[in-house]
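K.L.:
predicted structure and sequence below. I'll ask about it afterward.
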Amino acid sequence: GNSVTQMEGPVTLSEEAFLTINCTYTATGYPSLFWYVQYPGEGLQLLLKATKADDKGSNKGFEATYRKETTSFHLEKGSVQVSDSAVYFCALYVLTGGGNKLTFGTGTQLKVEL
Amino acid sequence: GAGVSQSPSNKVTEKGKDVELRCDPISGHTALYWYRQSLGQGLEFLIYFQGNSAPDKSGLPSDRFSAERTGGSVSTLTIQRTQQEDSAVYLCASSSNLQGRSIQYFGAGTRLSVL
């Protein structure tokens, strides 16, 4: 079956530090890969996505590259801000005839301090 | 138009009672998904609707859980005889089409607490 493994949190960083959150996956077929973010008290929001190998998704200074050879989709940001404090979920789906249900990682809580 | 709307935002119930959770998807979105977010299990898929039919119910944890969708729009998730392990945040998502790399848009969720 499909699965997503992401690094456990919480991750605590100082403002302007470099962020990496690791994500690896197992999937049958060719998955699309996503990072979702959940800010305190809010629902999940799509942060970025990549639909094929070597694609780079980017948004709000965050980036992730779809690496088929290492089955990875690590999230990076060069300089985090306090407002980036949230829970980050790596997810995938594989196109099937019956819908594109998402398989999520367990989430990584990020706390950014001044 | 507006995003995915879920109600109520919070629900507290007693063990053994039935509850109904509502999801109003983005207008025109034909696909609708229910997920559950709980401390022990993370984010889990429950059920998928395409229009009013549910081709994938594989994530429903027991026969106490059921869902319907009417008019290709609003969906209701019903939990009968609630148990404490049902306490979780129930998330609804919708997307515009079945094929292609469609994006799922999530509501803010309903936080269910079973006492």
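P.N.:
Everything's here; your move. Just so it is clear, the structure is predicted and the values come from calculations on it, not from any experiment. Numbering: from 1, shown residues only, chains lettered A, B, ... in the order given.
K.L.:
drop to CA atoms for contacts and neighbour counts, all remaining ones
P.N.:
Noted.
K.L.:
so what's the nearest residue to A:Met7 once chain neighbours are set aside scoring on pLDDT?
P.N.:
On the basis of C-alpha to C-alpha, 6 or more residues apart in numbering or on different chains, the spatially nearest residue to A:Met7 that is not a chain neighbour turns out to be A:Asn22, at 5.5 Å. Note on A:Asn22: pLDDT of 97.
K.L.:
ok, now A:Glu8?
P.N.:
So, for A:Glu8, pLDDT stands at 85.
K.L.:
tell me who's in contact with it.
P.N.:
Counting by C-alpha atoms under 8 Å, 6 or more residues apart in numbering or on different chains, A:Glu8 touches A:Thr106, A:Gly107, A:Thr108, A:Gln109.
K.L.:
could you identify which of these has the most neighbours?
P.N.:
A:Gly107 (27 neighbours; other C-alpha atoms under 10 Å in any protein chain shown).
K.L.:
isn't that residue right up against A:Val87?
P.N.:
Yes. A:Gly107 is within contact range of A:Val87, at 6.1 Å (criterion: C-alpha atoms under 8 Å).
K.L.:
which parts of chain B sit against chain A?
P.N.:
Counting by C-alpha under 8 Å from any C-alpha of the partner chain, the positions of chain B adjacent to chain A are B:31, B:33, B:41-45, B:48, B:50, B:55-56, B:91, B:98-101, B:105-109.
K.L.:
and the contacts of stretch B:55-69?
P.N.:
A:98-99, B:44-49, B:51-53, B:75-82.
K.L.:
tell me how many other residues crowd the closest residue to A:Glu42 other than its chain neighbours.
P.N.:
Spatial nearest neighbour of A:Glu42, chain neighbours left out: B:Ala108 (5.4 Å); criterion: C-alpha to C-alpha, 6+ apart. Applying other C-alpha under 10 Å, we find 22 residues neighbouring B:Ala108.
K.L.:
what about whichever residue of chain A sits closest to chain B, neighbour count?
P.N.:
Nearest to chain B, among the residues of chain A, is A:Gly43, at 3.8 Å (C-alpha to the nearest C-alpha). Other residues lying near A:Gly43 total 20 when counted by other C-alpha under 10 Å.
K.L.:
what of the one 4 residues further on?
P.N.:
Residues lying near A:Leu47 (other C-alpha under 10 Å) number 19.
K.L.:
pretty sure it sits against A:Tyr39.
P.N.:
No. With contact defined as C-alpha under 8 Å, A:Leu47 does not reach A:Tyr39; the gap is 11.4 Å.
K.L.:
can you give me the pLDDT of the nearest residue to B:Thr13 once chain neighbours are set aside?
P.N.:
The shortest distance from B:Thr13 to any non-neighbouring residue, by C-alpha to C-alpha, 6+ apart, is to B:Val114 (5.0 Å). As predicted, B:Val114 sits at a pLDDT of 97.
K.L.:
just for chain A, where's the confidence low?
P.N.:
Residue ranges of chain A with pLDDT under 70: A:96-99.
K.L.:
ok, which residues in it are in contact with chain B?
P.N.:
So chain A meets chain B at A:32, A:41-46, A:51, A:95, A:98-107 (C-alpha under 8 Å from any C-alpha).
K.L.:
quick check, pLDDT for the residue in chain B positioned nearest to chain A.
P.N.:
At 3.8 Å from chain A, B:Ala108 is the closest residue in chain B, using C-alpha to the nearest C-alpha. At B:Ala108, the pLDDT value in this model is 92.
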